[in-house]
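Asker: Got a sequence here, can you build the structure:
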Amino acid sequence: MTLEEIGAELAKLPEGRVPEGKDWAKLSGGWTGRIEERIAELQRLRDGLTGCIGCGCLSLDRCQFANPGDRAARLGPGPRYWVSDPRRSKGS
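Answerer: Next comes the predicted model:
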């Protein structure tokens with residue numbers, strides 16, 4: 001999250017009193033999904049560091065199974081499977 005996003009969320013806390021647990025829970029609840037997505041992205045990166053990086057350029061001999069027809073290239077340059085999980089993207 002950017003500092004601007006954090007600032008906007010902190011601005012939602014009640015004024016004139018010390019925030020309570022329920023205030024912090026409501027505030028942090030919106031961050032949970034983004035944090036979980038980032039954790040999953042980092043876990044995919046960790047788990048795949050020794051294999052294909054998702055763009056086909058380093059594993060053409062194996063990529064026919066993981067990336068037939070270089071489908072990952074349609075998602076953009078670089079390690080697309082680590083940046084986003086195409087199986088979860090909308091429209092796929």
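
Asker: Residue 47: neighbouring residues, count only.
Answerer: 10 (other CB atoms under 10 Å). Quick note: C-beta positions are derived from backbone N, CA and C, even for glycine.

Asker: Which helix or which strand is home to it?
Answerer: Element membership of residue 47, judged by DSSP states H and E, is helix 21-48.

Asker: buried ones in that helix?
Answerer: By neighbour count on 16 or more other CB atoms under 10 Å, the buried set for helix 21-48 is residue 44.

Asker: Could you give the average pLDDT over it?
Answerer: What helix 21-48 shows for mean pLDDT is 85.

Asker: helices and strands around that helix, which ones?
Answerer: The helices and strands touching helix 21-48, judged by 3 or more CB pairs under 8 Å, 6 or more residues apart in numbering; DSSP states H and E, are helix 3-10, helix 80-83.

Asker: Mind telling me which of the ones you listed the model trusts least?
Answerer: Ranked by mean pLDDT, these bottom out at helix 80-83, with a mean of 66.
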